[in-house]
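**Q** Structure for the following, please:
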Amino acid sequence: MATAGGYHTINGGEDRPPVHDYPSGPSAVPPDHHHGGGISFSMPAEHNRSSKFHHVADLDKFFTRVYRYHQGNGFFCMMLQECLELVQFAYVVIFSTFLLECVDYDILFANKIPESWREWWERNNITFGFNSTTYGQKVTLSDAVIPTAQCVHNFRPGVILLIIVAAAFWLFRLAKVFSHFLSYSETRRFYRIALKIEDYELVNLTWHEVLQRLLSAQKVHQMCIHKSELTELDIYHRILRVENYLVSMINKQTLPVTLFTPFIGRSTFLSKSYLYNLEFILFRGIGSPFEHNWQLREEYKVYGRRAEVAAQLRRRIAWTALVNFIFCPVVLVWRILYAFFDYADIIKRDPGTLGSRRWSNYARLNLRHFNELEHELNARLNRAYKPATMYMNIFTSPLVTILAKNVAFIAGSLLAVLIFCTVLDEDVLKVSHMLTTLTVLGVIVAGCRACIPDEHAVFLPENLLSIVISEIHYAPETWKGRAHTTDVRTEFAGLFQYRFSHICEELFSPVVTPFILYFCLREQSLAIVDFFRNFTVDLVGVGDVCSFAEMDVRKHGDPEWTPDSLVEPDRILDSERNRADQGKTELSLIHFKLMNPEWKPPAEAVWFMQKIREQVERGAQQMQTGEGNMQENAVLASLMPLGQRVQGLMCGSMFGGQDFTTGHIEGYGAYFRLCCRPLWCVPKLLTGWPVQFVRLTFELTGLLKYLIA
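**A** Numbers count the residues shown, from 1 in each chain. Next up is the predicted model:
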């Protein structure tokens, strides 16, 4: 029966939000093909139509530049970085060519005499081939360098081809830098005039503050003419249009990211080269499914043409794979040279660098929330880095440890003796291959030490993985209570890979990528077409976006993640393939609200968070009366604790410290973050503190009231 507020009372008096229609495909409203979707509105006369920022043609690029301008610390920092990247590219090409063609290595290694010495040797009747140092002469760098004219004349055809390709690419990069100079000059004017922000102020302003000024500027300058006011979510949709599609495709396993290799088995593969090709094929390039950056082509929205457009996409992928295969040698040579110059000095100073870990490219997409900007994702993953490293380091092989200790002892003793001899007499360094021996021994010792675990480490895999999960917001059911097993460690290693593995992945990517495109991605053409058709919606003033990015818990919510009818079963699409896995829709919604406290969510989202708050209150009452089981409360399992900041709240409450109220939480503003931890780690924190737990729960309720305020 209908209530005064427009809700319906069913199933024992529970309030239900208003029922709206949710199309399974694009909106029936014809998009504006020129400006990015939706219905045009007539702007009031008081709006500043004479503003130079009125009616921006491509708002996707515009808002992306505004975001990158803030993250890049202003015009001069960004242009200096791009100019130095040009210089770096030219340096790598010129220096590599010089080492390859303009150095006489026989002279450098004293296998033959320099031409400048020949006269002196003949005058003194010295037999050629003797060691030059015997006669008080040494080979200098200038002796080993071939004259420029002779060097250029002797260039081999392959080297000339590589130089021509590199020069063409450098000129393309130069034109791109000039284009960025013009665009970022315009962005700087926008910051000064519309946002009232100078470059020197950027280091003291958060993105959240810039975003609020950007929303205020829309009311004055009307950058978007389809809506008089924009919301935070509108801006995020524009900036993250492509990223939201990629995140959802990874979440729904639409894109092939696994690779089977001999002796290694099946592993994830998502190199930068492969990711760039995905963006080019699906979003950026000419003939891609998206046109004008913001609009999905009409033929992709029609079910009857799915086979036709899938065939077109297959051909596009095949041609892209062919181009990648043709340019594979050039790109491979560049990758090897760049990796050598980039990592050589780092490895020399710290050989253990190759044994350090990093979040893989696959992890950065799989762990990313919908509508999560790059700096927000980096903050979460950086906070999880140390506990993730500790978790991976506690898994050691006793056999490897024993071997590493003994090898380190032998190599270390040899290294110590050679260093001691060098200190006594520096002529020891003149012994043939002495420096090479010292370097190799140092690398062996460093590598062995990396295999020896810390003798003071405590084996607590469940606790460490719990801390990691509280930041990455990813916890498959198979991980529960199995953090100590090799299976979980191997699965987590796919997200948190060795740097050496990352380097190898990027080095061999030019060779592997064409085959993945042709044999794997091409076979997914029909699935990709269906994904675009089923999960694309047209939003006013935004254009076509991934429907998962709307964070609609009714349409894409997971009832298993939100029990007790927090999401109405009758409003969820029939197939499970339409639900975001791992509760990503719900997590993304709450995370976005925490990052943007001023954002006013739709009625369904407010209702969803209200129901969570009520469930938390009921759980607290049950725990207080002893009727409830904390391990069976699914809502508490998904909400508590909310990461390190709320862990500080817990410690303050439990141990008599400062109490954090809603006002304190509001003070965190955009910096406050959501960090969900599964409940199978919570009892270890709350054992023996039932009264404080109830107190904490009501403080958590205050947080949720703040979220939906």
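**Q** average pLDDT for the helix or strand containing residue 250?
**A** Per DSSP states H and E, residue 250 falls inside helix 241-251. Regarding helix 241-251, the rounded mean pLDDT is 96.
**Q** One more: stretch 524-536?
**A** 95.
**Q** what residue ranges in the chain are flagged as low confidence?
**A** Along the chain, the parts satisfying pLDDT under 70 run over 1-51, 115-138, 345, 347-352, 560-575, 616, 619-620, 623-709.
**Q** doesn't residue 151 make contact with residue 101?
**A** Yes - the pair residue 101 / residue 151 is scored as a contact, 5.6 Å apart, by CB atoms under 8 Å. Glycine gets a C-beta too; all of them are placed from N, C-alpha and C.
**Q** Skip the chain neighbours and tell me the closest residue to the residue nearest the centre of the chain.
**A** The centroid of the chain falls nearest to residue 364 when counting by CA atoms, centre = their mean (3.7 Å). Excluding the flanking residues, the one nearest residue 364 by CB to CB, 6 or more residues apart in numbering is residue 377, at 6.7 Å.
**Q** so that neighbour is in which element?
**A** helix 374-393.
**Q** contacting residues around that helix?
**A** Helix 374-393 has contacts (CB atoms under 8 Å, 6 or more residues apart in numbering) with 71, 207, 356-357, 359, 363-364, 367-369, 453-454, 457, 461, 464-465, 467-468, 471-473, 483, 489, 492-493, 496, 595, 644, 673, 675.
**Q** Give me the buried entries from these.
**A** Buried by 16 or more other CB atoms under 10 Å: 207, 357, 359, 363-364, 367-369, 453, 461, 464-465, 467-468, 471-473, 483, 489, 492-493, 496, 595, 673, 675, out of the contacts of helix 374-393.
**Q** other SSEs contacting the helix or strand containing residue 77?
**A** Using DSSP H and E, residue 77 sits within helix 75-101. Applying 3 or more CB pairs under 8 Å, 6 or more residues apart in numbering; DSSP states H and E, we find helix 75-101 packed against helix 59-71, helix 157-193, helix 328-349.
**Q** sorry, back to before: and the contacts of the helix or strand harbouring the residue nearest to the centre of the chain?
**A** If you go by DSSP H and E, residue 364 is part of helix 361-366. Around helix 361-366, the neighbours that count as contacts under CB under 8 Å, 6+ apart are 246-247, 250-251, 257, 268-272, 275, 377, 381, 472, 474, 494-496.
**Q** For the buried ones among those residues, write the corresponding PyMOL selection.
**A** Buried subset of the contacts of helix 361-366, written as a PyMOL selection, criterion 16+ other CB under 10 Å:
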select buried, resi 246+247+250+251+257+268+269+270+271+275+377+381+472+474+494+495+496
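**Q** What is the neighbour count of residue 446?
**A** 18 (other CB atoms under 10 Å).
**Q** Which of the contacts of helix 374-393 fall within helices?
**A** Among those, DSSP state H puts 71, 207, 363-364, 461, 464-465, 467-468, 471-472, 489, 492-493, 595, 644 in helices.
**Q** quick one: which of those is nearest residue 545?
**A** Residue 545 has its nearest neighbour among the ones in helices among the contacts of helix 374-393 in residue 595, at 18.2 Å by CB to CB.
**Q** ok, that closest one touching residue 207?
**A** No - using CB under 8 Å, residue 595 makes no contact with residue 207, being 9.1 Å away.
**Q** would you say residue 545 is within a helix?
**A** No - if the criterion is DSSP: H, G, I helix; E, B strand; the rest coil, then residue 545 is strand and not within a helix.
**Q** show me the contacts for residue 418.
**A** Residue 418 sits in contact with 428, 434, 437-438, 441, where contact means CB under 8 Å, 6+ apart.
**Q** now the residues you listed as CSV including secondary structure, neighbour count and distance to residue 261?
**A** CSV is the format used below for the contacts of residue 418 (DSSP: H, G, I helix; E, B strand; the rest coil; neighbours: other CB atoms under 10 Å; distance: CB to CB, whole Å):
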residue, secondary structure, neighbour count, distance to residue 261
428, helix, 15, 45
434, helix, 15, 39
437, helix, 14, 34
438, helix, 17, 35
441, helix, 19, 32
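**Q** quick one: which helix or strand includes residue 267?
**A** Going by DSSP H and E, residue 267 is in strand 265-268.
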